[in-house]
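Asker: compute the structure for the input listed below.
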Amino acid sequence: MYGQNPVFIPGPTNMPEILRKASDMPTIDHRSSMFGEILHPALAGVKQVLKSETASVFVFPSTGTGGWETAITNTLSAGDRVVAGRYGMFSHRWIDMCRRHQLRVDAVETSWREGVPLARYEEILNADKAHEIKAVLVTHNETATGVKSDVAAVRALLDAANHPALLLVDGVSSIASMDFRMDEWGVDVAITGSQKGFMLPVGLAIIAFSPKAMAALETAQLPRTFFDVRDMSKGYSVNGYPYTPSVGLLNGLKVSTELLLREGLDNVFARHRRIASGVRAAVQAWGLELCAAREDLNSDTVTAVQTPGGFDASLVVAHAATKYDVAFGAGLGDVAGKVFRIGHVGSMTDVMALSGIATAEMVMVDLGLNIKLGSGVAAAQEIYRKTAASSVRAAA
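Answerer: I've put the predicted structure just below:
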């Protein structure tokens, strides 16, 4: 039968019915004034979610990977030097993309249980007296490991070194679910996608440029056509695109930002923290460890659970899918087979999370792990019982 269970992967997220319907709309003339009534409110809503007064927002028919390419091709030139930490599968892939675009990458190797390597960034920036480094890359929330990084601390390092490098941030699995302060943190390019915090189908790369990043458009020499921000900007000025836009998804984005702002961003972030706290309490009750090395690194959108040594964590994902028709995330890259991931991003409630925790327990017991049925559920229930009422009052 067609599955009716929620998914517990770290994106694409579950979709609220109102957003599914908003994205499913009749064809309109995307060169008419009607399209502008969708486009401009969507862009303005994203800007508010990013907590920015000055950013220029661009939305491409693509994914977060297209957002990475938009960021580097519009701000950099072949041979430019960039600094990037490798601490998860998605930071690894962004580094690979930079190298394919003939950028010189200082790739800082770090444990995948840690976040952005601040001490090494500081050393590298302070040593770069000639300001050869043109950009510093940060993956705010590493989806493969459930580890978040301190973007504000990276900006502080740049400022302390009086370094002019651009700060490019992958916020694909954090923006619209975790606190993100583009202006306050001095982010020059912020990247996300439609399928996570915005609770929409895959299909939109959402990118915001600071005024400093917009100025870099004029000197950047990397080839760009489809992802040329200048062409997109010209299209926006006449209520259009330089090519055919994803009208239904843009209408969904407009409605999504309205929902997020109506809930209140602080309430959205608190909801994700509360749900994540319950999942982490469950993991502790199971006697297992998180991939994230310390509490301050814990993501609020995905929890990567380490299974005992010698046990293939991918069995949890496969068994959940085949026996219970529930999707969890598999380990990727350096942590493949070592962790399984419980996604709690976007459209997620306490009750939904409890069903995922209960399923994970059944799967692990089925597979012979020393887990007591109900232990994780009970631990999460205690968190949710103590926090749900206050959160509802705050949202009212």
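Asker: in the stretch 151-300 of the chain, which spans are strands?
Answerer: 166-170, 189-193, 204-209, 289-290 (DSSP state E, counting those that start in this stretch).
Asker: right, so of those strands, which gets closest to residue 4?
Answerer: strand 189-193 (25.1 Å; Cβ to Cβ). For glycine as for every other residue, the C-beta is placed from the backbone atoms N, C-alpha and C.
Asker: could I have that closest one exported to CSV, CA atoms only?
Answerer: The C-alpha coordinates for strand 189-193 follow below in CSV (Å, rounded to 0.1, in the frame of the first residue of the first chain):
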residue,chain,number,x,y,z
VAL,A,189,26.3,34.4,0.8
ALA,A,190,23.7,32.2,2.4
ILE,A,191,22.6,29.0,0.7
THR,A,192,19.6,26.8,1.3
GLY,A,193,16.9,24.8,-0.6
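Asker: can you pull out the low-pLDDT segments for the chain?
Answerer: The chain contains residues with pLDDT under 70 at 1-3, 389-396.
Asker: which residue is nearest the middle of it?
Answerer: Centroid-nearest residue in the chain: residue 173, 1.4 Å away (criterion: Cα atoms, centre = their mean).
Asker: wait, that residue sits on residue 345?
Answerer: Yes: Residue 173 lies in contact with residue 345 (Cβ atoms under 8 Å); the separation is 6.2 Å.
Asker: can you pull the residues that touch both of the two?
Answerer: Residues touching both residue 173 and residue 345 (Cβ atoms under 8 Å, 6 or more residues apart in numbering) are 10-11, 196-197, 301-302.
Asker: kindly reformat those residues as JSON lines containing distance to residue 30 and neighbour count.
Answerer: Output for those, formatted as JSON lines (distance: Cβ to Cβ, whole Å; neighbours: other Cβ atoms under 10 Å):
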{"residue": "10", "distance to residue 30": "32", "neighbour count": "26"}
{"residue": "11", "distance to residue 30": "27", "neighbour count": "23"}
{"residue": "196", "distance to residue 30": "25", "neighbour count": "28"}
{"residue": "197", "distance to residue 30": "25", "neighbour count": "30"}
{"residue": "301", "distance to residue 30": "32", "neighbour count": "28"}
{"residue": "302", "distance to residue 30": "35", "neighbour count": "31"}
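Asker: quick one: which of those is nearest residue 376?
Answerer: For the shared contacts of residue 173 and residue 345, the minimum distance to residue 376 (Cβ to Cβ) is 16.5 Å, reached by residue 302.
Asker: show me the helices in the protein, by range?
Answerer: Secondary structure of the chain, counting by DSSP state H: helices at 17-23, 33-49, 64-73, 89-100, 118-127, 151-160, 211-216, 229-237, 247-263, 265-286, 314-324, 350-366, 375-395.
Asker: remind me what the shortest one packs against, helices and strands.
Answerer: Okay, so that is helix 211-216. Counting contacts by 3 or more Cβ pairs under 8 Å, 6 or more residues apart in numbering; DSSP states H and E, helix 211-216 is packed against strand 166-170.
Asker: re the thing from before, for residue 11, see how far away the residue nearest to the centre of the chain is.
Answerer: 6 Å (Cβ to Cβ, to the nearest Å).
Asker: and residue 159, by the same measure?
Answerer: 32 Å.
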